[in-house]
Structure formats: structure tokens, C-alpha cells
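Student: requesting a structural model of the entry that follows:
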Amino acid sequence: MGYTLNFAVVWRNFDQLLAGLALSLGLAFVSIFIGVIIGLVAAFALTSTYRAAKWPAIGYVTIIRNLPILVLVLFAYFALPQMGVRLGKIESFVAVLAVYSGAYLAEVFRAGLLSIPKGLAEAGLAIGLTPMQIRTSIIMPLMFRNVLPSLSSTIISLFKDTSLAAAIAVPELTFEARKINVESFRVIETWLVASGLYVVTCTALAALMRMAERRLAVPK
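Tutor: A predicted model of the protein is given here:
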């Protein structure tokens, strides 16, 4: 007997999928915001001449980038409580994704910092700017402009990584889709609609990032 598509049950529960998508976006944006801060600190440490700052940053980036994010999620949610650190499902996932994104963004920002001519910092010193003013007024704006294409890809990838929150029962999009699938047995329909929501959202994020790239591009 052939399989007959029937999307009725999916449309009846479409509001649950939208709520899951909203939570996925929230998890991604909060995590990436924190990850950008971590990544910036780590990137400046990686490009520093001080070993006390550089080597811990190298260790952090190397370890986190070589661990599967699912392992980190399960460790944070199931193992940390055994050590006395208790976090909720959402809090633990945000913490993991922030640390994970920070390691990847550190390399993105490091490449951006290395692409900036040293003469710009020297020019800033010549006109009386402090090292902190040079970083915030000259280096960081140029760095963000240079790394926007790589940053766009990283943000989209991290948004898709929010689907792993389903492993600890965070009710994001994948969790809600799996719930509808289990209750209705409409496997193809459920995952087609969930996949469509991911594709539309990632396409919209990519379009927004390309718009930002065009607005910040240096006029030719």
C-alpha cells in the first residue's frame, strides 16, 4: 500500500512549530551575542604577544573546536550537576552554544585582526589615541567589516545547531517536530514542514547578512 500525504495534522499543530522556531532563534541570538564577546576576547588574546593571555586562548579554541557540540550539551546538562553546577535546560544549552560559538568566532575575528595593516594602529598612536581607543574606534570596526562573510556563515551554522537542544528536551523547532511526528505518525509531512521552516529562516538570515555587507562595503 502506498503512502498518502496528509498535512492536516501538521497544520493543526503549526503554531507549535512556529513557537519552536521562535525559541530556536532566541537561543541562537542570545548564544551568538555572548559568543561574540567571548570570541573577541579570545581573538585579541590569540594575537597578543603575552604568553599568559595567548596560551589559554589557544587551549580553549583547540579543545572546544575539536569536541562535538552534542557531547558538550550532554556534559553540561547531565555531568555538571554531579559537580554541583545546576542549570536549567535552556540555560545550559545557551551556555554551551555561547562557549562553542566563541571558539569558532575567535578564529574568524583573529583572521580579521591579522588583515588590518599595522600602520593604522601606529597612526592612531601618532594622533594621541590610547590603545583602547584604537581598538574600539579603528581596529574593531574594520575587523567586523572584513569578517562579515565568514560571520554570516558561522551565524547560520550556529542557528542550525540549535536543533541539538532537542537532545535535552528544550522545546525548539526540532523537538516540536519530533513531538508531532510521534503523536501523529505523519513522518514525511512533519519533517518536510520543519525542513521548510529551517530553509526559509536560514535564507532570510543570509539575505539580512548580505544586506549588511552591502551597507558596510567600502565604496569603490
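Student: name the helix or strand for the residue positioned nearest the centre of the chain, please.
Tutor: Of all residues in the chain, the one closest to the mean position by C-alpha atoms, centre = their mean is Leu158, 3.6 Å from it. For Leu158, the host element (DSSP states H and E) is helix 140-161.
Student: from the chain's centroid, how far away is that helix?
Tutor: 9 Å (C-alpha atoms, centre = their mean, to the nearest Å).
Student: and for stretch 206-220?
Tutor: 20 Å.
Student: all helices of the protein, in order?
Tutor: Applying DSSP state H to the chain gives helices spanning 8-12, 14-46, 51-65, 69-74, 89-114, 118-126, 131-134, 140-161, 173-184, 187-216.
Student: indicate which one of the ones you listed is closest to Met83.
Tutor: helix 89-114 (12.7 Å; C-beta to C-beta). In this view, the C-beta of every residue, glycine as well, is placed from N, C-alpha and C.
Student: report the mean confidence score over stretch 60-68.
Tutor: Across stretch 60-68, pLDDT averages out at 95.
Student: tally of neighbours for Ile116?
Tutor: When neighbours are defined as other C-beta atoms under 10 Å, Ile116 has 15 of them.
Student: for Phe109, see how far away it is.
Tutor: Ile116 is 11 Å from Phe109, where distance means C-beta to C-beta, to the nearest Å.
Student: same check on Pro149?
Tutor: From Pro149 to Phe109 the distance is 13 Å (C-beta to C-beta).
Student: when those two are compared, which one has more neighbours?
Tutor: The neighbour count for Pro149 versus Phe109, taken as other C-beta under 10 Å, is higher for Phe109 (27 against 12).
Student: show me the contacts for the more buried one.
Tutor: 39-40, 42-43, 143, 147 (C-beta atoms under 8 Å, 6 or more residues apart in numbering).
Student: mind listing what the residue nearest to it when sequence neighbours are not counted touches?
Tutor: Nearest non-adjacent residue to Phe109, counting by C-beta to C-beta, 6 or more residues apart in numbering: Ala43, 3.5 Å away. Contacts of Ala43 were listed using C-beta under 8 Å, 6+ apart, and they are 105-110, 112-113.
Student: now with 6 Å?
Tutor: 106, 109-110, 113 (C-beta atoms under 6 Å, 6 or more residues apart in numbering).
Student: related to what we said a few turns ago, quick one: contacts of the helix holding Leu158?
Tutor: 28, 32, 69, 101, 104, 108, 112-113, 115-116, 202, 205, 209, 213, 216.
Student: can you give me the mean pLDDT across it?
Tutor: 87.
Student: now it against helix 187-216, angle please.
Tutor: 180 degrees (axes from the mean of the first three to the mean of the last three C-alpha atoms, to 10 degrees).
Student: buried members of the contacts of helix 140-161 into PyMOL, please.
Tutor: Only the buried entries of the contacts of helix 140-161 go into this PyMOL selection, using 16 or more other C-beta atoms under 10 Å:
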select buried, resi 28+32+69+101+104+108+112+113+205+209
